[in-house]
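K.L.:
The following block contains a protein sequence and its predicted model.
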Amino acid sequence: MPIVKLTRKESACIFLEIYEKLPGVLLKSFLKFRLTILTRKYLMINVAIIGAAGLSGLELIHLFQKHPDVNLEVLTSSKYEGRDLGEIFPQFAGVSHVFSNHETDLSGCDVAFLAIPNKASLEIVPKLLNQGIRVVDLSGAYRLRDTTVFERYYKFSHSEADLLKEAVFGLPEYFKTSIAKARLVSNPGCYPTGALLGILPFGNLLSNLDRPPVIDAKSGVSGAGGRVEDDTINYVSVNENFKAYKVFQHQHLPEIQQYLEDLTPYRAGTVGDLIFTPHLLPLTRGILSTIYLHFKEAQSPEQVRANFALVAEQNPFFVFLPEEQFPDLSSVQNSNRCHIGLAHDQSRTNWIVITAIDNLVKGASGQAIQNMNLMFGCEETSALI
């Protein structure tokens, strides 16, 4: 007889059906107690958040409070080891959890979210995979396949070339099937999320570009620091100020270019390397990206809008705005949505795409949960709407 593999939800339904048919109040009372324990341990998804006290980790904790299929098993923090979550972060008062250290035993966990620096992720991922724990890595350690390019932008050597080949890029709008089967999902960077979702829907039309895309992106301060423990941004340097940073040096530039070349006819060798300039806004969260595309010949507005509409139809968090409407940050803050608007000039060779995301949600923790939902067969929108 072939073995039938049941999902967590199917197993729970069978268990509950048997429970309801059992006679006797005492027996059912005992089993109800056992059912609570078993459900938490075996039928829920047991989650570890490594680096839970940074902004991305805290956003994960916040979002997971609404997830019906998740048990937060382990929260780690090098800074707050041994202290209670609600004591350090009053917004979680009533949520009973004590921070462990990063070396704590995760054998009872199904998946680990890594909200720690790049070097730390690079080292811990192989250990977790060897224990059979699936990983959603919010760092940049496993996003770039070319180790030479990685070393140039991240300023240290990569020691896990095989895992670079295995890691699945966690952009659900384009990698759903691969994400569902993955052991290791490399969560996209915040800037690449906004940029790629604004360019990729052009698809084969990008073969008609006569120069590289130009991406002018503006982020709140949580996009440039504070996502992992001990990251800080000096208030005085950003208040009443606006500036570019890491010009031609930002690690998200090769990430955007890599996946543009993977998924479209765009080739840097033909039209040139894309131009990406990040800017720092004096606000907490959100990224607004203005993307400039120039084509050799006029593009059909009907075809372009149809391409974007198709992506929106198939993806719950991809919101394509009506003609002549453009996104703003207030519309996406604290959500997992990416809002997108576009326009063209009279020649229809010049196109501008504007995207807006919350860098801590769709650009980090929300997208990470979206990926976990796909990996474990949950509703893709669980905890995110």
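P.N.:
Perfect, thanks for sending it.
K.L.:
Considering only helices and strands, which part of this structure has the lowest mean pLDDT?
P.N.:
helix 25-38 (a mean of 54; mean pLDDT, DSSP states H and E).
K.L.:
Remind me which helix or strand Val74 belongs to.
P.N.:
If you go by DSSP states H and E, Val74 is part of strand 70-76.
K.L.:
can you list the weak-confidence ranges in the protein?
P.N.:
Within the chain, the stretches with pLDDT under 70 are 1-17, 19-20, 22-42, 224-235.
K.L.:
Could you list the domains of it?
P.N.:
8-188+365-375, 191-359 (automatic domain parsing).
K.L.:
returning to that earlier point: need the residues that contact the strand holding Val74.
P.N.:
40-41, 44-52, 57, 61, 64, 85, 97-102, 104, 106, 108-109, 383 (CB atoms under 8 Å, 6 or more residues apart in numbering). Every C-beta, even on glycine, is put in place using the N, C-alpha and C of the backbone.
K.L.:
Please state the offset of it from the chain centre?
P.N.:
18 Å (CA atoms, centre = their mean, to the nearest Å).
K.L.:
could you pull out the strands for the stretch 201-350 of the chain?
P.N.:
Along the stretch 201-350 of the chain, counting by DSSP state E, counting those that start in this stretch, strands occupy 214-219, 243-244, 275-280, 287-294, 318-320, 338-344, 350-357.
K.L.:
Could you list the paired strands of the second one along with their orientation?
P.N.:
This points to strand 243-244. Partners of strand 243-244 in the sheet, by DSSP bridges, are strand 275-280 (antiparallel).
K.L.:
And the strand it pairs with, what's buried?
P.N.:
Phe276, Thr277, Pro278, His279, Leu280 (16 or more other CB atoms under 10 Å).
K.L.:
Which strand residues bridge the last one?
P.N.:
According to DSSP bridges, the residues that bridge with Leu280 are Ser219, Lys243.
K.L.:
Run through the helices of the stretch 1-150 of the chain in chain order.
P.N.:
Applying DSSP state H, counting those that start in this stretch to the stretch 1-150 of the chain gives helices spanning 8-21, 25-38, 55-64, 85-88, 118-130, 147-154.
K.L.:
what's the closest non-adjacent residue to Val149?
P.N.:
Pro254 (5.0 Å; CB to CB, 6 or more residues apart in numbering).
K.L.:
Number of residues surrounding that neighbour?
P.N.:
23 (other CB atoms under 10 Å).
K.L.:
phi, psi of Tyr191?
P.N.:
phi -60, psi -50 (degrees, to the nearest 10).
K.L.:
What distance do you get for it to Phe169?
P.N.:
Noted for Tyr191: a distance of 14 Å to Phe169, by CB to CB, to the nearest Å.
K.L.:
ok, now Thr193?
P.N.:
Separation of Thr193 from Phe169 (CB to CB): 11 Å.
K.L.:
do Gly54 as well
P.N.:
Gly54 is 22 Å from Phe169, by CB to CB.
K.L.:
Then Ala244?
P.N.:
26 Å.
K.L.:
do Arg337 as well
P.N.:
Distance from Arg337 to Phe169, by CB to CB: 20 Å.
K.L.:
So for these two, which residue has more residues nearby?
P.N.:
Phe169 (25 against 20).
K.L.:
Just to check, that one is in contact with Leu184?
P.N.:
No: Phe169 is beyond contact range of Leu184, at 10.6 Å (criterion: CB atoms under 8 Å).
K.L.:
pretty sure the residue nearest to Val149 is touching Leu144, no?
P.N.:
Yes: counting by CB under 8 Å, Pro254 touches Leu144, with 5.8 Å between them.
K.L.:
what sits in contact with each of the two?
P.N.:
Joint contacts of Pro254 and Leu144 (CB under 8 Å, 6+ apart) are Tyr153.
K.L.:
What lies in contact with stretch 216-226?
P.N.:
Stretch 216-226 is contacted from outside by 54-55, 190-191, 194-195, 231-233, 238, 242, 245, 276-292, 329, 359-360, 363, using CB under 8 Å, 6+ apart.
K.L.:
switch the cut-off to 7 Å
P.N.:
54-55, 190-191, 194-195, 231-233, 238, 245, 277-281, 283-290, 359-360, 363 (CB atoms under 7 Å, 6 or more residues apart in numbering).
K.L.:
Please pick the buried ones from those.
P.N.:
By 16+ other CB under 10 Å, the contacts of stretch 216-226 give 54-55, 190-191, 194-195, 238, 277-281, 285-289, 359-360, 363 as buried.
K.L.:
what sits against Ala268?
P.N.:
Ala268 touches Pro212, Gln257, Glu261, counting by CB under 7 Å, 6+ apart.
K.L.:
In helices only, show me these.
P.N.:
If you go by DSSP state H, the contacts of Ala268 have Gln257, Glu261 in helices.
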